[in-house]
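**Student:** Using only what follows, build the 3D model:
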Amino acid sequence: MSNNGTDTTIAAAALAIALVALVTAVGQLLQQYFATADGYRRCHKSVMGEYGRRTRLHWRWREFRFETLYTTPEIFLVGDGSPSRIGQVLLTNSKDSRERSLVPDGGMEVDELFLEDQNDYQTVYQLGVGQGESGAKKNKKKTKKQSGTYRGEMACWIPLLHWIHEKSGGSLTPEEKFRDPEGTPPPKRRLPALIFRERSWDFQPPDVVRPLAKTTLSDIAVIARRMGMKWKEFQPSDGILRAEGHSQTINSTVVRSLGIVLQYAYTGQNKRLHMAEFNLRKQLVTGSIIPEQEEIYIPSAMADRFGCGVLRTEPLLGLPDLTVSTQSEIVKALSTLDRTGFSSATLSGILKDNPEFTFRVGDLVALTTGPARCRGSCLVQVPAPSDNAHGVTTSSIGRRAFRQCLEEYIVVHHGDVGHPTQRVLQICHEIGTQYAAWDHTDEYSKQDEQWVVMRDPKYLDLVQGHLHDLTLMLNEWEQQHTFRYINLLEIHIRMAMFSEGGETSPQRIWSNNYKADVDGYFRLLPKIVEEMRKTGFYDRQMIIDAWVTVMMRAFCWGAIHFFVPGERVPIQYFGSQLPVYIG
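**Tutor:** Numbers count the residues shown, from 1 in each chain. Coordinates of the predicted model:
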């Protein structure tokens, strides 16, 4: 019996050893097979966030290996002229939008900065989720899981998507923000969106070690500007793209066989500046601290075009589209609007004598384009289409001067003033009485023209309503009479904007005096009437009514927009569909 027991023990031990050897051999075999899945470890959640959950392995029998399939986003702009795509998800910063775009509202808190001042704490997050660029206070107590999820090692398009959500949500009304993210954008809104693309690691170039998101050159140019960045270098032909601003940077590199790859980074500098400013107020530090001013742009196609210097003119006015990004483009635009060539030749002469001179384009924009603003929105910011976007129509000083001059004109010519001119003065009084922002008649008004992000939407809707009505009136005159808007605009540019001693004269070429500009316009009204008669339109009273209406329409346009200075994208890349990758 003892021998049988010994044999059984030995057999059991041998069986156990064999099983261990078998499991080890199977494990080594599986390890070798899984090792054939090239790139699988680089598509985990630690690299791709929630997108890592969509990474899978596909067995290829003919090659007897695994293929790594991963999912990345393709980012684009949709709406307001840009077609929708099947399966798109709008990036609106709502909870539903974040879940469907796989950019959860959490897990990005990293590099927390605690500001302690005696009895209170202020926490500033480098990547604070759920707060805008201006920064928001959060409780310092965070769970280990929340504060340790994002370690800064992910593909850079993960934080990029987070900040696109933040900026996009800040530009929408609550009703627009919480609409179905898989639907279409609201009317006259152009919003960032994405679709999911499943790709194979087999096609990944050896120089790229992380999964890449995809976009286009035109879309990333607009998205970066909307996020508060300015393009310091934009030379796609050389593979050089560099943008920075509001604690964010974008740099490019060229990958052989692929193309331009962007690296996005959020530095948290602006939040540190806000923290330093807080210290300065508490007299903990000395020096000058100036955080960047807030930028939230109108999310429309027209506003995006301004960032390339493109003016899509109002269709009802019958004007051609223009580009005004550079001084040479402005000269060409003037030759289109003033067919006599006088204005373009005069500007060319000024630039020859003063190469550093920049022509004021604010009035040209207001006189030619339709509204970029969306009704119901409080936003007024649009990218400046040129280096100098000032103008009479962009300032409350100009609006006040226009009202005062119009009052004096009606008093002097009381018996020879048409109803449209009187109606314009009535509109000025109505708006100015209700809202000090119109011409700042209230000396204690808190409205600040130096930097405006948003205004009262009721005020903006009222002004935009008048803008719409005045545009329709001008269009009706064109349909019913021999009046042509382009003729009056041409004469105004030539006679008023380039008048002797006016805004482009050697005496005033480097300074703005909107009151003097408007005074000069009214003094030149007889000459404007005389020039209009040469075009075949002889009704003096109606010419004056039309000119006053044209100016009032431009003032309404300037009141509901604010130009934010910054570099423009070269016109040749406007609308470019050149693929760009984000690593």
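**Student:** ok, A303 - contacts?
**Tutor:** Taking C-beta atoms under 8 Å, 6 or more residues apart in numbering as the criterion, A303 is in contact with 297, 372, 382-383. (C-beta placed from N, C-alpha, C; glycine too.)
**Student:** Please apply the same query to P73.
**Tutor:** So, once contact is read as C-beta under 8 Å, 6+ apart, P73 ends up touching 51, 101-102, 157, 161, 194-197, 213-214.
**Student:** And the residues you listed, which of them are buried?
**Tutor:** Buried members of the contacts of P73, scored by 16 or more other C-beta atoms under 10 Å, are 51, 101-102, 157, 161, 194-196, 213-214.
**Student:** Among those residues, which lie within helices?
**Tutor:** Using DSSP state H, the members of the buried ones among the contacts of P73 that fall in helices are 157, 161.
**Student:** Just put the buried ones among the contacts of P73 in JSON lines and tack on distance to D363 and pLDDT.
**Tutor:** Shown next, in JSON lines, are the buried ones among the contacts of P73 (distance: C-beta to C-beta, whole Å; pLDDT from 0 to 100):
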{"residue": "Y51", "distance to D363": "48", "pLDDT": "93"}
{"residue": "S101", "distance to D363": "41", "pLDDT": "95"}
{"residue": "L102", "distance to D363": "46", "pLDDT": "93"}
{"residue": "W157", "distance to D363": "41", "pLDDT": "94"}
{"residue": "L161", "distance to D363": "39", "pLDDT": "95"}
{"residue": "L194", "distance to D363": "39", "pLDDT": "97"}
{"residue": "I195", "distance to D363": "42", "pLDDT": "96"}
{"residue": "F196", "distance to D363": "46", "pLDDT": "96"}
{"residue": "A213", "distance to D363": "41", "pLDDT": "95"}
{"residue": "K214", "distance to D363": "41", "pLDDT": "96"}
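**Student:** Find the nearest non-adjacent residue to L241, please.
**Tutor:** S252 (3.9 Å; C-beta to C-beta, 6 or more residues apart in numbering).
**Student:** My error: substitute R553 in the last question.
**Tutor:** Once flanking residues are discounted, R553 sits nearest to L470: 4.1 Å by C-beta to C-beta, 6+ apart.
**Student:** Assign a three-state SS to the residue lying closest to V392 once chain neighbours are set aside, would you?
**Tutor:** Of all residues not flanking V392 in the chain, G398 sits nearest, at 3.8 Å (C-beta to C-beta, 6+ apart). Of the three states, G398 takes helix under DSSP: H, G, I helix; E, B strand; the rest coil.
**Student:** Wait, G398 touches A554, no?
**Tutor:** No: between G398 and A554 there is no contact under C-beta atoms under 8 Å: 9.5 Å.
**Student:** In terms of secondary structure, what does the longest helix along the chain contact?
**Tutor:** In the chain, assigned by DSSP H, the helix with the most residues is helix 2-35. Helices and strands touching helix 2-35, by 3 or more C-beta pairs under 8 Å, 6 or more residues apart in numbering; DSSP states H and E, are strand 65-78.
**Student:** quick one: average pLDDT of the strand it packs on?
**Tutor:** In this model, strand 65-78 carries a mean pLDDT of 92.
**Student:** Grab the CA positions of it and hand them over as PDB.
**Tutor:** Listed in PDB are the C-alpha atoms of strand 65-78, where the atom choice follows Å, rounded to 0.1, in the frame of the first residue of the first chain:
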ATOM      1  CA  ARG A  65      -1.300  37.900 -35.900                       C
ATOM      2  CA  PHE A  66      -3.300  40.500 -34.100                       C
ATOM      3  CA  GLU A  67      -4.000  43.900 -35.700                       C
ATOM      4  CA  THR A  68      -4.600  46.900 -33.400                       C
ATOM      5  CA  LEU A  69      -7.700  49.000 -34.200                       C
ATOM      6  CA  TYR A  70      -8.200  52.200 -32.400                       C
ATOM      7  CA  THR A  71     -10.600  55.100 -32.500                       C
ATOM      8  CA  THR A  72      -9.700  58.800 -32.700                       C
ATOM      9  CA  PRO A  73     -11.700  61.900 -33.500                       C
ATOM     10  CA  GLU A  74     -11.900  63.900 -36.700                       C
ATOM     11  CA  ILE A  75     -12.500  67.600 -35.600                       C
ATOM     12  CA  PHE A  76     -14.300  70.000 -37.900                       C
ATOM     13  CA  LEU A  77     -16.700  73.000 -38.000                       C
ATOM     14  CA  VAL A  78     -20.300  72.500 -39.000                       C
END
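**Student:** Please find the angle between the direction vectors of the longest helix of the chain and strand 65-78.
**Tutor:** 40 degrees (axes from the mean of the first three to the mean of the last three C-alpha atoms, to 10 degrees).
**Student:** Next SSE downstream of helix 2-35?
**Tutor:** Per DSSP states H and E, helix 2-35 leads on to helix 45-48 as the next helix or strand towards the C-terminus.
**Student:** so how far is that next one off the chain centroid?
**Tutor:** From the chain centre to the centre of helix 45-48 is a distance of 29 Å (C-alpha atoms, centre = their mean, to the nearest Å).
**Student:** tell me the secondary structure for I544?
**Tutor:** I544 - assigned by three-state DSSP - is helix.
**Student:** quick revisit: contacting residues around the residue nearest to V392?
**Tutor:** G398 is in contact with 391-392, 514-515, 517-518, 555, 558, counting by C-beta under 8 Å, 6+ apart.
**Student:** For A16, grab the count of nearby residues.
**Tutor:** 10 (other C-beta atoms under 10 Å).
**Student:** Mind pulling up the pLDDT for it?
**Tutor:** Taken from the predicted model, the pLDDT recorded for A16 is 85.
**Student:** Quick one, grab the pLDDT at S94.
**Tutor:** S94 is given a pLDDT of 93.
**Student:** Apologies, that question was intended for I431.
**Tutor:** So, for I431, pLDDT stands at 95.
**Student:** do the same with the one 4 residues further on
**Tutor:** At Y435 the predicted local confidence, pLDDT, stands at 92.
**Student:** Which residue is the nearest non-sequential neighbour of it?
**Tutor:** Y435's closest residue in space is Y459 (C-beta to C-beta, 6+ apart), at 4.4 Å.
**Student:** Please tell me how far the nearest residue to L102 once chain neighbours are set aside sits from I164.
**Tutor:** Nearest non-adjacent residue to L102, counting by C-beta to C-beta, 6+ apart: E50, 4.0 Å away. In this view, E50 and I164 are 15 Å apart by C-beta to C-beta, to the nearest Å.
**Student:** which of these two has more neighbours?
**Tutor:** Taking neighbours as other C-beta under 10 Å, E50 and I164 compare with I164 leading, 25 against 15.
**Student:** from what I can see that one touches I223, true?
**Tutor:** Yes: if you go by C-beta under 8 Å, I164 and I223 touch, sitting 6.4 Å apart.
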